[in-house]
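J.: The following comprises the amino acid sequence and a computationally predicted model.
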Amino acid sequence: MSNVVIPPYILRNIIDHGSEQQQSCARNTLTHVQALMAENWQKSLAPQKATAGHVDREIYDAQQKQSLPGELIRTEGQPANGDIAAEEAWNYLGITYDFFWQKYQRNSLDNKGLSLLGSVHYGKAYQNAFWNGQQMVFGDGDGEIFNRFTIAIDVVAHELSHGVTETEAGLIYFSQAGALNESLSDVFGSMVKQFHLKQSAAQADWIIGEGLLAKGIKGLGLRSMAEPGSAYNDPMLGKDPQPAHMRDYITTREDNGGVHLNSGIPNHAFYLAAKALGGNSWDQAGYAWYDTVCDKTLPQDANFATFAQFTIRHGQQRFNKTVAQTIEQAWKQVGVLS
């Protein structure tokens, strides 16, 4: 299962409202995204070379072609080559690894030291980034609507985190379970960004994909965990359609049953819990969410309410009743629990 950063509904808006060139880029990307989302990737993961606590990375240059991985341009121990996209991918893969290792003693995405592979310059003006079950892939964007996809650390961490969810929970990529899958990537992506910037939950902006929208596009990023539905409002992209509460839950066949849409609800619950608990988001709220993902009794088709109960239980198990009650309150505020 491939997981993409830019959901189909944003690409469709560009096809409806963009210039000929913009429409063409969006159409090519959308066609590819639909094929990706339908594909089942064979698991032949990269060999594990690293010792625990040490990231093993490989960066490839796809040279604007759509064949993977491309030409190997950097491995551990080699210097940078001055390519900014390759440099960002390299650094952000490393910071994501460090976050999971330092905060949750997790050795890479699979907890077995999986090598982190990234291909940059994928396709011509490709308007997306994705995790294909084996590696990260980054388009350059078209420069008019989207900047290069390596620009935002939380987008890189979001995609990599799909590897964690895949390995541990295997949440099916449809409807509420799929929206939880997407939300978990936003949760971990946002925490990696906060870890990198040394920000507390109170200091963070909780925007996913800051810097990704090109100059002149009206928006802060792709999604807002603090205020779902407020990330962008632009003639080209439309208005951010994410709901923040169950009363606005979107029932649709599009986007695998609204996985990128309804993820706003669990996203907001996490934001509320992390803010209420104070300090760094990964210390308490993040740990309860991480423990939930790693809980082998979590159903693969878990809905929001089931997932919520697991986070409350893990909040109590790892910490105490106060943490559990704070998490429960957050889920009540978004209407998942009554």
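T.: Happy to help now that I have it.
J.: Phe149 and Val155 touch, don't they?
T.: Yes - counting by CB atoms under 8 Å, Phe149 does reach Val155; the two are 6.3 Å apart. C-beta here means a position set from N, CA and C on the backbone, and glycine is covered the same way.
J.: Now the common contact residues for those two.
T.: Common neighbours of Phe149 and Val155, using CB atoms under 8 Å, 6 or more residues apart in numbering, are Val5, Ala129, Leu212.
J.: Model confidence score at the last one, please.
T.: Think Leu212. At Leu212, the pLDDT value in this model is 96.
J.: OK, contacts around the nearest residue to it once chain neighbours are set aside?
T.: Ranked by CB to CB, 6 or more residues apart in numbering and with sequence neighbours excluded, the top spatial neighbour of Leu212 is Ala152, at 5.1 Å. By CB under 8 Å, 6+ apart, the residues touching Ala152 are Ile208, Gly209, Glu210, Gly211, Leu212, Gly221.
J.: can you give me the helices in the stretch 201-338 of the chain?
T.: Using DSSP state H, counting those that start in this stretch, the helices found in the stretch 201-338 of the chain span residues 254-258, 264-277, 285-293, 304-318, 321-333.
J.: Any chance of the ones you listed in JSON lines with mean neighbour count, distance to Glu166 and mean pLDDT as columns?
T.: Below are the helices of the stretch 201-338 of the chain laid out as JSON lines (neighbours: other CB atoms under 10 Å; distance: least, CB to CB, whole Å; pLDDT from 0 to 100):
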{"stretch": "helix 254-258", "mean neighbour count": "21", "distance to Glu166": "15", "mean pLDDT": "92"}
{"stretch": "helix 264-277", "mean neighbour count": "26", "distance to Glu166": "17", "mean pLDDT": "98"}
{"stretch": "helix 285-293", "mean neighbour count": "24", "distance to Glu166": "10", "mean pLDDT": "98"}
{"stretch": "helix 304-318", "mean neighbour count": "20", "distance to Glu166": "16", "mean pLDDT": "98"}
{"stretch": "helix 321-333", "mean neighbour count": "19", "distance to Glu166": "24", "mean pLDDT": "98"}
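J.: Now distance to Pro241 too, for those, in TSV please.
T.: Formatted as TSV, the helices of the stretch 201-338 of the chain follow (distance: least, CB to CB, whole Å):
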stretch	distance to Pro241
helix 254-258	9
helix 264-277	9
helix 285-293	24
helix 304-318	18
helix 321-333	20
